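Novice: sequence and predicted model, in that order:
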Amino acid sequence: MREAGLRVGVDEFGNLIGSRPSELGSALLAGSHLDTVPQGGMFDGALGVVAAIECARVLHEGGRSLRHPFVAIAFAEEEGYTFGSGTLSSRSLLGEMPRDQFSELVDRSGRTYDEYLRARAHGLPQAHVPAQVRAYIELHAEQGPHLERMAKQVASVDQIVGSQRTVVTFEGRAAHAGTTPMDRRADALLGGAEFVLAVNEIATASNGRGVGTVGELHAYPGARNVIPGKTALSVEFRSQDDTWLTSARERADGAAGKIAGRRKLGVRVTPWTGSLVQPMDSGLQQAILAAMRLAGHDAVTLSSWAGHDAGILARYVPSGMIFVPSTGGISHAPEEHTPWPAVEAGTHVLLETILRLDATDGTGGTLPLAYAAR
Ligand code: GLV
Ligand code: MN
Ligand code: MN
């Protein structure tokens, strides 16, 4: 960021901010996140941060000034792996994750989000995301198979998937795995196993309208010679259609109850949380598509099946996304890759979009920043 002529600092939520001041009030914001999932690849998130810095570098080295301030941002925590809560940094920044809940979010070592934020020591000055934002643009790998299948290098995103998540817990009776006859067991993991299949069936029956995943499953007490007395599963559904999400949720609740009844287990479904399908700003989509045409690309539009910080910022300021292909459609895995010519094409489109927006006087928006002290 420094080499790209940006003034670098970090905010109280751990977001890394590189800014290039200018005369107009509202800023052009570009970036993505720097965290990743366990055994994730090097593109999901980091690519959008690097692309924003590269745009700053090109402007800096070309001696090109912008009318709007330009800010490259690296959100600290988007995946939700550490504290079990996705888009945590952007939602904290915008007050959607209230401060009084920071001490309730705990990582696997027992450390709270609050403690984590207080202990940070990057050795960087404090910085703030500006409140007045003309646009937020996030370049990201598609993480799915469509762009590669279409043999295209870049796309504009029209909307970000909606999602619903919960944890389902089945309660049985822990007992000795050798001495307890099969007909005297209340094995909670069997309820969990059946429920995994039910989630898969709900999503499969949607014929592409939705997807469903159990990504975490814990059996307690978790020993080879103990019949599991309790099992807890994470469940998530995603869809481009909010109606389907509601029905998937109801069907999952129903399946959990039926399985528990049949197997004589207790069951608890924690309240579902999630987000609605989030459209990207139409003016910004037009600007991205125009930049794509200018750079010699077809005007391709895709919907995002992954969640992004852009989905949070879009609630307040015009937001848009630029997708580049994922080789083999693979992401959230070490093999994740985007061909370098596509990275270059996408970054070029990002720069052209920034220049386009800078040349026009659009109405931006105001971010409800949740900084404690300014
Ligand atoms: C983030 O990658 C998500 O979509 O879960
Ligand atoms: Mn991501
Ligand atoms: Mn991800």
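Specialist: Noted; the coordinates are in hand. Ligands and ions are numbered 1, 2, ... in the order given.

Novice: quick one: buried residues of stretch 206-218?
Specialist: 206, 210-212, 214 (16 or more other Cβ atoms under 10 Å). For the C-beta atoms, the positions are set from N, CA and C on the backbone; glycine is no exception.

Novice: for the stretch 251-374 of the chain, just list every one of the strands.
Specialist: 266-269, 273-275, 278-279, 301-304, 319-324, 365-366 (DSSP state E, counting those that start in this stretch).

Novice: which other helices and strands does the second one contact?
Specialist: Okay, so that is strand 273-275. Applying 3 or more Cβ pairs under 8 Å, 6 or more residues apart in numbering; DSSP states H and E, one finds that strand 273-275 contacts strand 162-171.

Novice: in the chain, where is pLDDT below threshold?
Specialist: The chain contains residues with pLDDT under 70 at 373-374.

Novice: now tabulate the buried residues of stretch 206-218 in CSV and tack on secondary structure.
Specialist: Below are the buried residues of stretch 206-218 laid out as CSV (DSSP: H, G, I helix; E, B strand; the rest coil):
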residue, secondary structure
206, coil
210, strand
211, strand
212, strand
214, coil
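
Novice: re earlier: Serialize the strands of the stretch 251-374 of the chain to a markdown table and add fields for mean neighbour count and distance to residue 21.
Specialist: Formatted as a markdown table, the strands of the stretch 251-374 of the chain follow (neighbours: other Cβ atoms under 10 Å; distance: least, Cβ to Cβ, whole Å):
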| stretch | mean neighbour count | distance to residue 21 |
| --- | --- | --- |
| strand 266-269 | 16 | 50 |
| strand 273-275 | 16 | 33 |
| strand 278-279 | 17 | 30 |
| strand 301-304 | 19 | 31 |
| strand 319-324 | 28 | 22 |
| strand 365-366 | 16 | 19 |
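
Novice: can I get those in CSV including distance to ligand 2?
Specialist: Listed next are the strands of the stretch 251-374 of the chain as CSV, based on distance: least, Cβ to the ion, whole Å:
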stretch, distance to ligand 2
strand 266-269, 28
strand 273-275, 15
strand 278-279, 15
strand 301-304, 10
strand 319-324, 10
strand 365-366, 22
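
Novice: and those strands: which comes nearest ligand 1?
Specialist: Among the strands of the stretch 251-374 of the chain, the nearest to ligand 1 by Cβ to the nearest ligand atom is strand 301-304 (8.2 Å).

Novice: dump the closest one to PDB, restricted to CA.
Specialist: Included here for strand 301-304 are C-alpha records, laid out as PDB according to Å, rounded to 0.1, in the frame of the first residue of the first chain:
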ATOM      1  CA  THR A 301     -23.500 -10.700 -15.600                       C
ATOM      2  CA  LEU A 302     -23.500 -13.400 -12.900                       C
ATOM      3  CA  SER A 303     -25.100 -13.800  -9.500                       C
ATOM      4  CA  SER A 304     -22.800 -14.600  -6.600                       C
END
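
Novice: partners of residue 156 in the sheet?
Specialist: Residue 156 has these beta-bridge partners by DSSP bridges: residue 301, residue 322.

Novice: contacting residues around it?
Specialist: 280, 285, 288-289, 292, 299-302, 320-323 (Cβ atoms under 8 Å, 6 or more residues apart in numbering).

Novice: and of the buried residues of stretch 206-218, the nearest to ligand 1?
Specialist: Taking the buried residues of stretch 206-218 together and measuring to ligand 1 by Cβ to the nearest ligand atom, the closest member is residue 211, at 10.8 Å.

Novice: hmm, residue 238 and that closest one touching each other?
Specialist: Yes: using Cβ atoms under 8 Å, residue 211 is in contact with residue 238, at 5.2 Å.

Novice: for this structure, what lies in contact range of ligand 1?
Specialist: 79, 86, 306-307 (Cβ under 6 Å from any ligand atom).

Novice: what does the stretch 101-250 of the chain put close to ligand 2?
Specialist: By Cβ under 5 Å from the ion, no residue of the stretch 101-250 of the chain approaches ligand 2.

Novice: so which residue of the stretch 101-250 of the chain comes closest to ligand 2?
Specialist: residue 140 (5.7 Å; Cβ to the ion).

Novice: SS state for that residue?
Specialist: Classification of residue 140 by three-state DSSP places it in strand.

Novice: and the nearest residue to it once chain neighbours are set aside, how far from residue 54?
Specialist: Nearest residue to residue 140, sequence neighbours excluded (Cβ to Cβ, 6 or more residues apart in numbering): residue 48, at 5.1 Å. According to Cβ to Cβ, to the nearest Å, residue 48 and residue 54 sit 11 Å apart.

Novice: between those two, which has more neighbouring residues?
Specialist: residue 48 (33 against 19; other Cβ atoms under 10 Å).

Novice: for the strand or helix carrying the more buried one, which residues meet the burial criterion?
Specialist: Assessed by DSSP states H and E, residue 48 sits inside helix 46-61. Of all the residues in helix 46-61, those buried under the rule 16+ other Cβ under 10 Å are 46-57, 59-60.
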